[in-house]
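>>> Fold the following.
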Amino acid sequence: MDKKLIVLNKPIAIELHTLAYTFAFAIPFFIKHPQILVGTAINFLLFMMSSSLSKKQLIPLIMLPSVSVMLHGVLFGSFTVFLLYLMPFIWLGNAMLIYFFKILEKKVPQVFRIIIASTVKAMFLFSCAYLLHQLNILPLIFLTAMGIVQFGTAFAGGTIFLLLNHFNILKIHKK
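Numbers count the residues shown, from 1 in each chain. Presented below is the predicted three-dimensional model:
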């Protein structure tokens with residue numbers, strides 16, 4: 001059974017996964033840019049929901065942000081069209097972030113899980129962008145955007161999640 005959002009001690013008919021999907025799609029529309037801010041918010045959402053949603057429910061959450069960026073077309077300006085080539089890799093990168101964060105749960109302290117998951121995601125995305133650039137499919141600008149910026153946004157999003165969770169500002173209940 002999914003968790004319901006509780007407002008003023010009255011349950012309303014919004015499932016947690018539906019709320020997460022709404023945020024995942026809306027964040028790029030409302031924040032727009034810079035990439036560091038949009039990416040940090042999205043990665044925070046990915047870390048936060050990784051413990052609360054099932055694998056099946058995480059799939060749309062992994063995909064929606066890049067679809068939203070593509071439809072909105074603001075984040076990379078005239079280069080946004082190149083996201084079409086990167087979207088499957090971004091989806092895999094988001095899945096890897098969640099996977100490594102979750103799989104190391106019982107073995108590694110949370111801060112190191114965030115560092116490892118962020119590093120894996122950034123290395124994967126940079127490698128894919130580098131290959132696509134070498135094949136003359138992507139412009140050079142994407143090497144930075146899919147490398148160090150991806151690490152920075154994932155690490156920042158994970159750190160915000162860690163701090164809010166540590167100080168009990170977020171109540172994350174495991175499924």
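>>> Name the residue closest to the centre of the chain, please.
Among the residues of the chain, the one closest to the centroid is Asn43, at 3.3 Å (C-alpha atoms, centre = their mean).
>>> and the nearest residue to that residue once chain neighbours are set aside, what does it touch?
Nearest residue to Asn43 in three dimensions, chain neighbours excluded: Gly157, at 2.9 Å (C-beta to C-beta, 6 or more residues apart in numbering). No exception for glycine: its C-beta is placed from N, CA and C like everyone else's. For Gly157, the contacting residues are Gly39, Thr40, Ala41, Ile42, Asn43, Phe44, Leu45, Leu46, Phe47, by C-beta atoms under 8 Å, 6 or more residues apart in numbering.
>>> Kindly recompute the last result at 7 Å.
Thr40, Ile42, Asn43, Phe44, Phe47 (C-beta atoms under 7 Å, 6 or more residues apart in numbering).
>>> Look up how far Leu16 lies from it.
Distance, Gly157 to Leu16, by C-beta to C-beta, to the nearest Å: 18 Å.
>>> ok, now Phe142?
In terms of C-beta to C-beta, Phe142 sits 33 Å off from Leu16.
>>> Show me where this structure has its helices.
Ranges of helices in the chain, per DSSP state H, are 16-31, 35-50, 55-72, 83-103, 110-134, 141-145, 148-166.
>>> Just name the most buried of those helices.
Most buried of the helices of the chain, by mean neighbour count (mean count of other C-beta atoms under 10 Å): helix 35-50, with a mean of 22.
>>> Using CSV, write out every CA atom in it.
Extracted in CSV, the C-alpha atoms of helix 35-50 (Å, rounded to 0.1, in the frame of the first residue of the first chain):
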residue,chain,number,x,y,z
GLN,A,35,21.8,23.1,-14.5
ILE,A,36,23.5,22.9,-11.1
LEU,A,37,20.2,24.0,-9.4
VAL,A,38,17.9,21.9,-11.5
GLY,A,39,20.1,18.8,-11.2
THR,A,40,20.6,19.2,-7.4
ALA,A,41,16.8,19.3,-6.9
ILE,A,42,16.2,16.3,-9.2
ASN,A,43,19.0,14.3,-7.5
PHE,A,44,17.7,15.2,-4.1
LEU,A,45,14.3,13.8,-5.2
LEU,A,46,15.9,10.6,-6.5
PHE,A,47,17.8,10.0,-3.3
MET,A,48,14.7,10.8,-1.2
MET,A,49,12.4,8.6,-3.1
SER,A,50,14.8,5.7,-3.5
